[in-house]
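K.L.:
Provided below are the primary sequence and the corresponding predicted coordinates.
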Amino acid sequence: MDMHTKLTPHFTLNELIRSSTASELSIDNTPPQSVLSNLLLLCTHILEPVREHFGRPVRINSGYRSLALNTAIHGSKTSQHMSGQAVDFEIDGIANYDLAVWISENLSFDQLILENYVSGGDPNSGWVHCSLLDDVDRNRMQTLTIHGKNKQIGLIK
């Protein structure tokens, strides 16, 4: 599997699996073949539309996570990252709140989380988590704001 394979015009497989933690701990974060279709869906239906709308590169913080990597970072045992159905990202110069609101109003998704955003502080604080199921009829269209252990329904500024 070539890590530099373009999944879509603006996103490579390497961007969706890169992890400094995996590198530091020598964890193999290569996804199984069965996960590639989910990563392709994320790129096609979430990341490409976001990049097209904002006209700026999207910086992926976390995409696919192997079980070993997810365990190492203390991720949720049911994390959609492990199936290639979730991605955490930002766009430099765009407030993460504005990014999350645009996604919530324009795209289909399973779960959209504005994570660790500080209202009234740095507009690029935190990040946006977005997941997508392969069966669009099962997508929950759930929006949450999470800061530390505080979880609220909806996108709270």
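P.N.:
Yep, that arrived. Predicted model, so just to flag it, every value in this text is computed and none were measured.
K.L.:
tell me the contacts of Leu114?
P.N.:
Applying CB atoms under 8 Å, 6 or more residues apart in numbering, we find Leu114 in contact with 96-97, 100, 126, 128, 143-146, 155-156. Using the backbone N, CA and C atoms, a C-beta is placed for each residue, glycine as well.
K.L.:
ok, 10 Å please
P.N.:
96-97, 99-101, 103-104, 125-129, 143-147, 152, 154-157 (CB atoms under 10 Å, 6 or more residues apart in numbering).
K.L.:
Same question for Asn124.
P.N.:
Contacts of Asn124 (CB under 10 Å, 6+ apart): 90-97, 99, 117-118.
K.L.:
What helix or strand is it located in?
P.N.:
Asn124 is part of no helix or strand when elements are defined by DSSP states H and E.
K.L.:
Tell me how far it lies from Tyr117.
P.N.:
Distance, Asn124 to Tyr117, by CB to CB, to the nearest Å: 9 Å.
K.L.:
overlap in contacts of these two?
P.N.:
Counting by CB under 10 Å, 6+ apart, the contacts common to Asn124 and Tyr117 are 95-97, 99.
K.L.:
got the residue ranges for the strands in the chain?
P.N.:
6-8, 11-12, 59-62, 86-90, 111-115, 127-131, 142-147, 150-153 (DSSP state E).
K.L.:
Direction included, what does the second one pair up with?
P.N.:
Based on DSSP bridges, the pairing partners of strand 11-12 within the sheet are strand 6-8 (antiparallel).
K.L.:
Same question for the last one.
P.N.:
Neighbouring strands of strand 150-153 in its sheet, by DSSP bridges, are strand 142-147 (antiparallel).
K.L.:
same thing with the third one?
P.N.:
The pairing partners recorded for strand 59-62 under DSSP bridges are strand 86-90 (antiparallel).
K.L.:
okay, the angle between the partner strand and strand 127-131?
P.N.:
150 degrees (axes from the mean of the first three to the mean of the last three CA atoms, to 10 degrees).
K.L.:
Could you export the strands of the chain as CSV, including distance to Ile27?
P.N.:
Putting the strands of the chain into CSV (distance: least, CB to CB, whole Å) gives the following:
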stretch, distance to Ile27
strand 6-8, 22
strand 11-12, 20
strand 59-62, 13
strand 86-90, 18
strand 111-115, 22
strand 127-131, 21
strand 142-147, 25
strand 150-153, 28
